[in-house]
Structure formats: C-alpha cells, structure tokens
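A.B. asks: What follows is a predicted protein model with its sequence.
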Amino acid sequence: MEIETTWGSIVVELLDGKVAGCTLPFLSTQPDQPFSIANGGDDPVSAFVAAVFSGKNARLPALAELKGTGFQQQVWREIAKIPSGQIKTYGELAAAIGSPKAARAVGSACGRNPVPLFIPCHRVKGANAQLGGFSAGLPWKRLLLEVEDAT
DNA sequence: GGCGCCGTCTTCT
DNA sequence: AGAAGACGGCGCC
C-alpha cells in the first residue's frame, strides 16, 4: 500500500496482511513544504503510521518475519521496545544485546532495518547526542524526533 | 567546540 | 582476507 504525504509517498509492503517492508522517499535536504500526511486509512497500518508522525504511541501492526542475520534481529527487537518520545543510544543498544563495544555494528544493523517507522530506528542517537544517520535521509529522523518532542 | 586517530564488531566484496 | 560503516573515546589544536 501507499501513504501520501507532502514529503512524498510512503510505500508499505504487505504480506499476508503483515508488514514486510517499508520505504520512504530519500531526502537529502528538508523540503520547504511543511510535513503533513493524508489521513484516511482506517486499517491498522495507516493508523499506525499516522500515529508515528503525530508522536503518539500506537500498537505495532503485525510484522512479517524480518530477514536478517541473528545480530540484526537482536538489534531490531531491542529497538522495537523503545516507546515514542524516548531515545536510546547505539551504545546502550549494544550493551543491551551483550556487546557494549559493538555500537558501530549496531549502527550498521539499523541502516539495514527493512521497516523504518515500524522499527523506530529514528529513536536511536549517538552517545553525545549526535543524530547519526537515517536510511531515507536525516530530514525524516529530525521530523520524527521533533513530533515526539525528543530532540 | 571541532578534528583526527585508533579500537571494536558485524557485514559486504 | 580486506574494507567499510547511522559508533565511542581520547588526545590535540
């Protein structure tokens, strides 16, 4: 399915009614246009996406099995537990998994997250409040952190 | 504060 | 094997 926003359309791949993939248009710079999302979905998926962009917590829709290495799965599982408005650092996640020094590897795993928004990798910052990066471009990350009042 | 180097761990060539 | 990455820490200007 596809969700229209002023920043481009968000594509969500569904498999068996479960979320299998999510793609945002890449933005290297923040658009002049203010962000707004076309509301209209009464299905759980668009409801969730709308909630994310308004900084609210919503129940995560069913996710298809995410393909990735064991390490990546651990990282994603850990990230999925971060509630809206809360920030964790790459180092904290690494420690939570059991390898406190694997922060860099954690960053790699985030970048390969197949379902941004559903696995809130935007709530992960560097240890010194650095933003790090974002698969679809930092403007998205900034936007999300802002609506969640977690900058 | 900003820049660069080295250590660390996983993944891709 | 070798290189690279959404890191972290330390030393230096």
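C.D. replies: Perfect, thanks for sending it.
A.B. asks: For DNA strand B, what's the nearest residue on chain A?
C.D. replies: When scored by CB to the nearest atom of the strand, chain A has A:Thr69 as its residue closest to DNA strand B, at 2.8 Å. Any C-beta I mention is one placed from the backbone N, CA and C, and that applies to glycine too.
A.B. asks: and the closest residue in space to A:Pro120 that isn't next to it in sequence, what element?
C.D. replies: Residue nearest to A:Pro120 in three dimensions, not counting chain neighbours: A:Ile82, with 5.6 Å by CB to CB, 6 or more residues apart in numbering. Counting by DSSP states H and E, no helix or strand carries A:Ile82.
A.B. asks: Tell me, how many residues neighbour A:Ile82?
C.D. replies: By other CB atoms under 10 Å, the residues close to A:Ile82 number 19.
A.B. asks: what's near enough to touch it?
C.D. replies: For A:Ile82, the contacting residues are A:88, A:120, A:123-124, by CB atoms under 8 Å, 6 or more residues apart in numbering.
A.B. asks: any idea how far the nearest residue to A:Gly132 once chain neighbours are set aside lies from DNA strand C?
C.D. replies: Counting by CB to CB, 6+ apart, A:Gly132 lies nearest to A:Gly126, which is 5.2 Å off, once chain neighbours are set aside. Distance of A:Gly126 to DNA strand C, given as CB to the nearest atom of the strand, to the nearest Å: 3 Å.
A.B. asks: Before I go, just wanted to say thanks for your time.
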